[in-house]
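Peer 1: Provided below for reference: sequence and predicted model.
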Amino acid sequence: MKPHLTTLLLILALPLLLQAAPDYTITNKHRVIEEASLNPNRVPIGTQFSYLNFTTLNGDTHDLDTLTEQGPVIFVFLATECPVAQRYAMRLRRLYTEFRTEKHTTLVAVYANENDSVDDIKAYVAKAGYTFLTVKDTTGRLARRLGATMTPQAVVIDTTGTLRYRGPIDDNRYETRVKHRYLHDALLATHTGAPVPVKETPAFGCTLHLSESGFPAEVTYSEHIASILQKNCQTCHRQGEVAPFTLANYEDAKVWATEIAEYTQARLMPPWRPAPGYGHFKSERLLTDTEIEMIAHWVAAGAPPGDLNAVPPTPEFHEGWALGEPDWIGEMPVEYEIGPEGEDEYRQFIIPTNFKTDMYVQAVDVQPGNRKTVHHVIPYLDVNGEARKLDALDPKPGYVTEGTGPGFDTVGSLGGWAPGVTPSVLPDGVGFLLPKGADIVMQVHYYRTGNVEYDRSRLGLYFSKTPNTAKLRIGDATNSKFVIPPGEAWHEVLASRNIKQDVYLLAAMPHMHLLGRDMRLTATTAEGEAHDLIWIKDWDFNWQDIYHYEEPLFLPAGSRVDLVAHFDNSVENPANPNDPPVPVGWGEKTTDEMCIGFFYYVKASEFSPK
């Protein structure tokens with residue numbers, strides 16, 4: 001079963017988890033409350049998690065995907081007032097010492113009880129001498145996602161994000177009477193690849209006292225779901241747009257309810273690649289954890305409509321140019337035919353401009369001739385006629401290259417366009433330089449629909465009206481000297497670029513090919529102040545974009561931009577074009593690789609944000 005489908009089934013079970021409390025008993029052995037049996041509705045062993053994040057008491061945000069790249073993760077649910085949980089303080093410290101360094105295991109203490117205040121937790125952690133990560137699970141989200149019901153209770157997640165063990169730390173609160181070290185044995189098995197001896201067993205100690213769920217018991221389309229779909233989905237999922245089906249009303253949403261729940265839980269939709277918390281961008285398309293769980297809750301309940309007369313009004317979408325009539329419109333010279341089958345196609349079309357002077361472009365919009373097949377558009381610039389030579393060699397309109405680039409050394413681009421996103425407008429006084437006489441080489445990424453399609457797209461330019469407009473410049477942190485060995489599933493590549501003068505960063509764009517797994521860009525000033533620029537944690541070659549910051553980021557001279565990227569050249573990578581895998585290095589072909597972190601900036605001497 002696919003990992004995201006497994007996790008979806010877990011979320012769909014949330015209503016049952018909220019309603020069906022486990023049975024408890026008090027046995028002669030422990031003489032404290034314990035689970036009488038394992039709840040069949042609980043999150044099953046073998047569930048694979050993704051996009052599970054949390055914030056510690058110190059204010060640091062961590063996500064499970066990153067932690068499991070280093071080693072297994074243990075979540076131990078504790079309580080400040082539970083005497084059994086308190087009894088395990090020394091045992092937890094010893095276990096953390098044993099596994100944290102050589103075995104790279106992360107231990108997270110989770111306090112989920114509603115009555116445990118942050119101050120109480122901090123005081124107890126200091127008294128117990130805990131040095132591992134500590135979390136206040138205010139809403140009970142972690143407890144519900146991981147199926148925790150007791151304190152103390154341990155949950156082990158392996159390096160694939162899979163739930164391997166859940167239950168007590170050992171079999172007796174009195175350390176001298178312990179016969180079975182469940183958590184210790186599960187960790188050893190996880191590290192060696194052996195089967196976990198006991199995968200799940202009833203926990204004992206104190207019950208968890210969680211706060212109420214963050215959404216109402218009855219979730220309906222009219223009151224809760226419609227607004228989520230209107231805001232995040234209908235820009236593409238409406239008549240005539242690129243999405244394969246519409247989500248314009250309740251009937252649409254009910255028909256596609258299972259797909260909506262599955263794809264939102266997997267965070268494949270809405271299509272937004274940057275991880276939250278690592279840069280703040282315009283036009284973010286992110287659902288909150290509560291919205292995702294609410295959708296799943298609604299689907300599990302049978303997609304109740306609610307009062308359809310109370311559905312919020314349908315948003316008004318721009319059918320023409322989103323920013324109004326452009327200052328200049330260019331069009332593909334002829335209509336192009338896209339075949340029904342094969343890989344996606346990246347075709348370049350030449351649009352002459354013939355401007356007599358340099359122009360500065362503040363925004364670009366695109367009107368696809370066929371929204372079903374146009375995936376995205378990047379307008380490159382050519383001042384030497386190189387693209388025309390390539391066009392002459394291709395018998396079809398425009399031309400293709402062996403990779404995804406335009407096939408020549410460009411003097412820049414005019415940004416990019418993707419469906420469902422309002423065109424980004426650069427700050428007043430900033431523009432892309434469009435040199436006089438330049439050709440716009442419009443690269444169109446075509447998605448094949450299974451039918452013959454035709455397209456003749458147009459792009460519109462909006463010029464800067466500000467005298468002495470500052471040129472938007474493109475810098476990069478690039479590594480072109482790497483080779484990814486065959487079979488390597490997590491190959492690290494590093495790059496950096498020094499900033500020699502004061503600048504304002506306005507946007508970022510990571511770039512890799514098919515073997516890319518993730519890329520993170522950070523900036524550090526000479527004084528040591530760090531800034532997260534962007535992190536694409538789940539790279540998708542088909543969803544590349546330029547991400548514009550909400551506010552310009554000032555970087556003084558002497559700062560450094562660092563790039564950390566990882567590549568997967570194993571047979572397990574479904575995007576790997578080579579079977580069996582072969583060594584892969586830098587190159588222009590799609591089957592080669594690249595490792596570039598582009599950053600878009602203006603000189604501080606030429607621009608001052610308002």
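Peer 2: Cool, got the structure. Residues are numbered from 1 along each chain as shown.
Peer 1: How is this protein divided into domains?
Peer 2: 3-207, 221-310, 328-471, 473-603 (automatic domain parsing).
Peer 1: JSON lines for those, including mean pLDDT?
Peer 2: Listed next are the domains of the chain as JSON lines, based on pLDDT from 0 to 100:
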{"stretch": "domain 3-207", "mean pLDDT": "85"}
{"stretch": "domain 221-310", "mean pLDDT": "89"}
{"stretch": "domain 328-471", "mean pLDDT": "92"}
{"stretch": "domain 473-603", "mean pLDDT": "94"}
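Peer 1: can I get those domains in TSV with distance to Gly320 and mean neighbour count?
Peer 2: C-beta here means a position set from N, CA and C on the backbone, and glycine is covered the same way. Converted to TSV, those look like this (distance: least, C-beta to C-beta, whole Å; neighbours: other C-beta atoms under 10 Å):
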stretch	distance to Gly320	mean neighbour count
domain 3-207	37	18
domain 221-310	13	18
domain 328-471	8	18
domain 473-603	22	18
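Peer 1: mind putting those in TSV, distance to Trp321 included?
Peer 2: Formatted as TSV, the domains of the chain follow (distance: least, C-beta to C-beta, whole Å):
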stretch	distance to Trp321
domain 3-207	36
domain 221-310	15
domain 328-471	5
domain 473-603	19
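Peer 1: Among these, which comes closest to Phe317?
Peer 2: domain 221-310 (6.7 Å; C-beta to C-beta).
Peer 1: all strands for the stretch 501-610 of the chain, in order.
Peer 2: For the stretch 501-610 of the chain, strands defined by DSSP state E, counting those that start in this stretch occupy the ranges 503-511, 516-524, 530-536, 547-555, 560-567, 584-585, 596-603.
Peer 1: returning to what we had before: the domains of the chain: which one's closest to Lys610?
Peer 2: Comparing the domains of the chain by C-beta to C-beta, domain 328-471 comes nearest, at 7.0 Å.
Peer 1: I'd like the strands of the stretch 501-610 of the chain written out as a markdown table, with distance to Arg285 added.
Peer 2: Formatted as a markdown table, these follow (distance: least, C-beta to C-beta, whole Å):
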| stretch | distance to Arg285 |
| --- | --- |
| strand 503-511 | 16 |
| strand 516-524 | 19 |
| strand 530-536 | 14 |
| strand 547-555 | 11 |
| strand 560-567 | 23 |
| strand 584-585 | 31 |
| strand 596-603 | 20 |
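Peer 1: Which one of those strands lies nearest to Leu433?
Peer 2: Between the strands of the stretch 501-610 of the chain, strand 596-603 lies closest to Leu433; by C-beta to C-beta that is 11.4 Å.
Peer 1: Can you give the contact residues for the closest one?
Peer 2: Contacts to strand 596-603, defined as C-beta atoms under 8 Å, 6 or more residues apart in numbering, come from residues 430, 470-478, 495, 501-512, 519, 521, 533, 546, 552, 555, 561, 563, 565.
Peer 1: now stretch 78-97
Peer 2: Contacts for stretch 78-97 (C-beta under 8 Å, 6+ apart): 32, 76, 105, 107, 109-111, 113, 115-116, 120-121, 123-124, 128-132, 151-152, 169-170, 173-175, 183-184, 187, 204-206, 208.
Peer 1: One more: stretch 344-354?
Peer 2: 328, 330-333, 336, 338, 359, 375, 380, 382, 387-388, 390-391, 396-401, 403-404, 406-407, 434, 437-448, 459, 542.
Peer 1: what's the distance between it and the middle of its chain?
Peer 2: In terms of C-alpha atoms, centre = their mean, to the nearest Å, the centre of stretch 344-354 is found 30 Å from the chain centre.
Peer 1: Could you list the alpha-carbon positions for it in PDB?
Peer 2: Extracted as PDB, the C-alpha positions of stretch 344-354 are listed here (Å, rounded to 0.1, in the frame of the first residue of the first chain):
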ATOM      1  CA  ASP A 344       6.100  15.800 -21.000                       C
ATOM      2  CA  GLU A 345       7.500  18.200 -23.700                       C
ATOM      3  CA  TYR A 346       9.500  21.400 -23.100                       C
ATOM      4  CA  ARG A 347       9.300  23.400 -26.300                       C
ATOM      5  CA  GLN A 348      10.700  26.800 -27.000                       C
ATOM      6  CA  PHE A 349       8.900  29.400 -29.200                       C
ATOM      7  CA  ILE A 350      10.600  32.600 -30.400                       C
ATOM      8  CA  ILE A 351       8.700  35.900 -30.000                       C
ATOM      9  CA  PRO A 352      10.600  38.900 -31.400                       C
ATOM     10  CA  THR A 353      10.200  42.200 -29.400                       C
ATOM     11  CA  ASN A 354      12.000  44.800 -31.600                       C
END
